[in-house]
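Student: here is my input, please return the structure:
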Amino acid sequence: SAAAAGAITARGGAQQGKQTGGKPGNAPGADAKLLLVDLKMAKNRSRPSGPATVPGAAVGLERLEDDVRAKTIRNSESNAQSTSKLPTTAPSARGLESLEDEVLAKSRVRAHTTVPSSRTMATDARSNLAHLESDVLAKNRQSGQETAPEASSQNDLSAMTSIRDLENDVIAKASTGPSTQTPMPPPPRPVQPPPPAYDDGFGEPVVPTRGASNAVPVPQPVPQPFSPPAAPVAPAARVTPVTIQQPPAPAPAPHPVEEYPGVDVVTQEMPGLVDESGGIQAFVADTVVDAMGVAVVKSEEEEEKEERRRYIRYLVYIACGLLLLAAGIIVLIVVLGGGDSDPIPPPTTAPSAVPSQAPTTVNLLESINYLIEEGISSAEQLSNDTTPQYQALQFVAIDDPEPSALFPVGSLRWKQRYALSVFHLSTDGDNWDSCSRSDTGCREDGVWMTGNECLWHGVSCMDGVVEDIFFGNAAGNGLGGTLPSEIGLLTNLKGFVAPNDAIGGTIPDSFGLLTNLGTLAMNSNKLTGTVPDSLITNTPLMGTLFLSDNALTGPMPVFRNNTSMISLQFDRNQFTGTIVSELGTLPNIRLLRFYNNKFTGDIPTEIFSLESLEELLISDNDLKGTISDDITRLTNLKKITMDGNDMSGTIPEGIGSLTILDRLSLDRNRFGGTLPVGLSDLTEMRILSLDTNQFVGTVPDDWAKMERLNNLTLHGNQFEGAIPPSICKRKGDSAFSLHYLTVNCAQVSCPVVCCTCVE
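Tutor: Numbering: from 1, shown residues only. The predicted structure is shown next:
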């Protein structure tokens, strides 16, 4: 390589001297011929002996040299008169120089880099030769501008033929990679013998240069994509095929390799990547496993369920379409009918979209039509496989073990089974404490969504009609979720009892459809929202409305002329507004429990007309006003709690006439005045709380007559004097003794064994 560079440099210097100071008439063809001779001699001297490593490329280069030489000589002979106008160095010669530089540069790159992949080598070779072909053609055409068109075309064709031969050889070599066998020698040329073998890829080449005025840029190697390095190969040494395979054992990589997370490519040895036509073959790895996106393989049961879900959605859409079509036809008839024309009979039911020989499918479609037409469930609910409505529909129309002939769509039994199934699924039935549909410990006929619904745990029927849903355990039954509106289908329901659970959401308006409902007990749940007016106005038989200990809000519902109501319990919620006067229209009411809410205003006087009232519990609100003297009319009253409000006034003297009263709690208000002596007649009194008020005076001696009094709290007032000894004598541990007596010892004198001092 050094010798070649020296010869070329010397020839370039001599040639430059001729260009600048020699005879102006030197023909460019002569210079090109001399350049070719020097180049070839220099290359022959610099090439080592031994077998050729790239014979295809050498033969292609020789052919190109011959074609360029012939073209240059013809140009020189046919254009002798215009030599002064041509470039000093012929374009064809420059093309050869560029080719030589390209080959030397690539050889240098190969000597100092690892063996690239076959795909990369083939691509780079094709790219470089394409650039070379374009460059030579352009320069030949530039030179051909001074020659005849026929000669230029023939020369171009010859050069292109040589370049393409060279391209095919180089691509084949680059694609197949080094071979372990001795390469086949190229076929003999008919014109001249093949050049001596040489190695053009493993020596250290010296890049030839030209004079300053005619310097030719040296092509730089195209940057190659990084690939794992291979061991360097010595010149003229045989190498083994490059294969793509898994390493037999882990070994430290000499260079970092770019990682591709989440992709694991299984590779195999590839015998060759170049097809018969010389093109590079595409290959595909056997298996690609994407670890980042795991594909879940579904079981046959899951696939069947998925198919069923899609089918039900399809039927829901069909049903909606049929309903819309029927509605459109009816509207059209109404609009176009008019006048005194004969009435047009209503359209017949649209034909089923499913063949009649599929009774299950027909039942499913009829069920969907009925539920949507009657406004029981929406199309959106029935088409979403996560909703209780969808799953209950699947049960009654497809999975129900009971024969569908026993309860056709829309029948009482069908509606009961659908409504109860939706209720079970809506209240987290699979996690109930007892007798969920997956409970193996429940009696066989008590498991929900199996067999006769009248035998399901908590369900009571009369002649096949559901009358009660009762989960009355003190600890509840683990019900959660929300109450579904479909429960309104149980129009014969008389009792719904589900206390001490975790049912949330609101009370559906459809509860107003339960016209036979007598008891609704859902205390100690998580209900929110307001009590629907329909629940109050449409249930005349309602006897007990037990909604204590929830998170209900809004005003108190208005009750009118309900002769059945005996217990109304709204305590421990967040109701606001006033206590409605319409409560006075409940003649048989016994319990009014409204404590621990946010009620305001005065106590309606109408309440004091409820002669059947036994408990009036309205403590811990924000009530004002006084205790009406009409309270003496409540002769059945046993408990009065008005503590924790902002009430004032005095204790009516006639309250002593309530002889069965056993609890009177008036503490934490602003009551005042003296203590009425008449309270001594309350012989059933057990708890009397008067602390934290503004009472004055002394404690009457006659209060010792309250023989059952257990707790008496008097602290936080302005009493004076001493506690009567007759009262202290009742202090003891028996059931009817005085257990607890509190006073302000700084104001009232009381023996320590009798009173508890509270400042």
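Student: in the chain, what helix or strand scores lowest on average pLDDT?
Tutor: Within the chain, no helix or strand scores below strand 263-266, which has a mean of 39 by mean pLDDT, DSSP states H and E.
Student: point out where this structure drops to low pLDDT.
Tutor: 1-299, 301-302, 304-305, 308-309, 311-317, 319-320, 323-324, 326-360 (pLDDT under 70).
Student: mind running it again at 80?
Tutor: Scanning the chain for pLDDT under 80 picks out 1-362, 403-405, 444-445.
Student: could you pull out the helices for it?
Tutor: 2-21, 28-46, 55-78, 91-112, 118-144, 149-176, 300-337, 359-373, 379-383, 388-394, 412-426, 533-537, 725-728 (DSSP state H).
Student: buried sites along stretch 396-414?
Tutor: Buried positions in stretch 396-414, judged by neighbour count with 16 or more other C-beta atoms under 10 Å: 396-398, 400, 404, 407, 409, 413-414. Bear in mind the C-beta positions are built from the backbone N, C-alpha and C, glycine included.
Student: wait, which of those residues is closest to residue 735?
Tutor: Nearest to residue 735 out of the buried residues of stretch 396-414 is residue 413 (C-beta to C-beta; 54.4 Å).
Student: and residue 363, what does it touch?
Tutor: With contact taken as C-beta atoms under 8 Å, 6 or more residues apart in numbering, residue 363 is in contact with 397-398, 404, 409.
Student: can we see that at 6 Å?
Tutor: Applying C-beta atoms under 6 Å, 6 or more residues apart in numbering, we find residue 363 in contact with 397, 404.
Student: now do residue 515
Tutor: residue 538.
Student: one more pass at 8 Å, please.
Tutor: So residue 515 contacts 491, 538-541 (C-beta under 8 Å, 6+ apart).
Student: separation between residue 466 and residue 487?
Tutor: Separation of residue 466 from residue 487 (C-beta to C-beta, to the nearest Å): 10 Å.
Student: hmm, I was thinking of residue 582
Tutor: Noted for residue 582: a distance of 27 Å to residue 487, by C-beta to C-beta.
Student: isn't residue 651 right up against residue 672?
Tutor: No - in this structure, residue 651 is not within contact of residue 672 by C-beta atoms under 8 Å, at 9.6 Å.
Student: looking at the two, which is more packed in?
Tutor: residue 651 (23 against 15; other C-beta atoms under 10 Å).
Student: how many residues are close by the nearest residue to the more buried one once chain neighbours are set aside?
Tutor: Leaving aside its chain neighbours, residue 651 sits nearest to residue 676 (5.4 Å; criterion: C-beta to C-beta, 6 or more residues apart in numbering). For residue 676, the neighbour count with other C-beta under 10 Å is 16.
Student: and what of residue 463?
Tutor: 6.
Student: for it, which residues are in contact?
Tutor: Here residue 463 is in contact with no residue (C-beta under 8 Å, 6+ apart).
Student: give me the distance between it and residue 412.
Tutor: Relative to residue 412, residue 463 is positioned 11 Å away (C-beta to C-beta).
Student: also residue 605?
Tutor: Distance from residue 605 to residue 412, by C-beta to C-beta: 47 Å.
Student: just residue 404 next, same as before
Tutor: Using C-beta to C-beta, one obtains 14 Å as the distance from residue 404 to residue 412.
Student: now swap in residue 429 and tell me
Tutor: From residue 429 across to residue 412, the span is 22 Å (C-beta to C-beta).
Student: likewise residue 531?
Tutor: Distance, residue 531 to residue 412, using C-beta to C-beta: 28 Å.
Student: for residue 518, same thing?
Tutor: For residue 518 relative to residue 412 (C-beta to C-beta), the value is 20 Å.
Student: now residue 708
Tutor: Residue 708 sits 54 Å away from residue 412, going by C-beta to C-beta.
Student: picking that back up, and which of the buried residues of stretch 396-414 is nearest residue 615?
Tutor: The closest of these, once distances to residue 615 are taken by C-beta to C-beta, is residue 413, at 41.4 Å.
Student: quick one, phi/psi of the closest residue to the closest one other than its chain neighbours?
Tutor: Leaving out its chain neighbours, the residue that sits closest to residue 413 by C-beta to C-beta, 6+ apart is residue 407, at 3.3 Å. When read as degrees, to the nearest 10, the backbone of residue 407 gives phi -150, psi 90.
Student: hmm, residue 452 and residue 407 touching each other?
Tutor: No - with contacts counted by C-beta under 8 Å, residue 407 stays clear of residue 452, the gap being 10.7 Å.
Student: what is in contact with those two at once?
Tutor: Common neighbours of residue 407 and residue 452 (C-beta under 8 Å, 6+ apart) do not exist.
Student: re the thing from before, residue 582 and residue 487: who's more crowded?
Tutor: Between residue 582 and residue 487, residue 487 has the larger neighbour count (other C-beta under 10 Å), namely 20 against 17.
Student: how close does that one sit to residue 723?
Tutor: On the measure of C-beta to C-beta, residue 487 and residue 723 end up 58 Å apart.
Student: and residue 569, by the same measure?
Tutor: Residue 569 is 37 Å from residue 723, by C-beta to C-beta.
Student: cool, residue 418 as well?
Tutor: Residue 418 is 68 Å from residue 723, by C-beta to C-beta.
Student: please apply the same query to residue 522.
Tutor: Distance from residue 522 to residue 723, counting by C-beta to C-beta: 46 Å.
Student: try residue 657
Tutor: 26 Å.
Student: what's the answer for residue 619, then?
Tutor: With the distance defined as C-beta to C-beta, residue 619 ends up 26 Å from residue 723.
Student: report the buried residues of stretch 533-540.
Tutor: Neighbour-count burial for stretch 533-540 flags 534-536, 538-540 (criterion: 16+ other C-beta under 10 Å).
Student: can you put these in TSV and add distance to residue 389?
Tutor: Putting the buried residues of stretch 533-540 into TSV (distance: C-beta to C-beta, whole Å) gives the following:
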residue	distance to residue 389
534	21
535	22
536	27
538	24
539	25
540	30
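Student: which of the residues you listed lies closest to residue 365?
Tutor: residue 534 (31.7 Å).
Student: run a quick neighbour tally on the closest residue to that closest one other than its chain neighbours.
Tutor: Distances taken as C-beta to C-beta, 6+ apart place residue 512 nearest to residue 534, at 2.6 Å, with adjacent residues excluded. Burial of residue 512 is recorded as 18 neighbouring residues (other C-beta under 10 Å).
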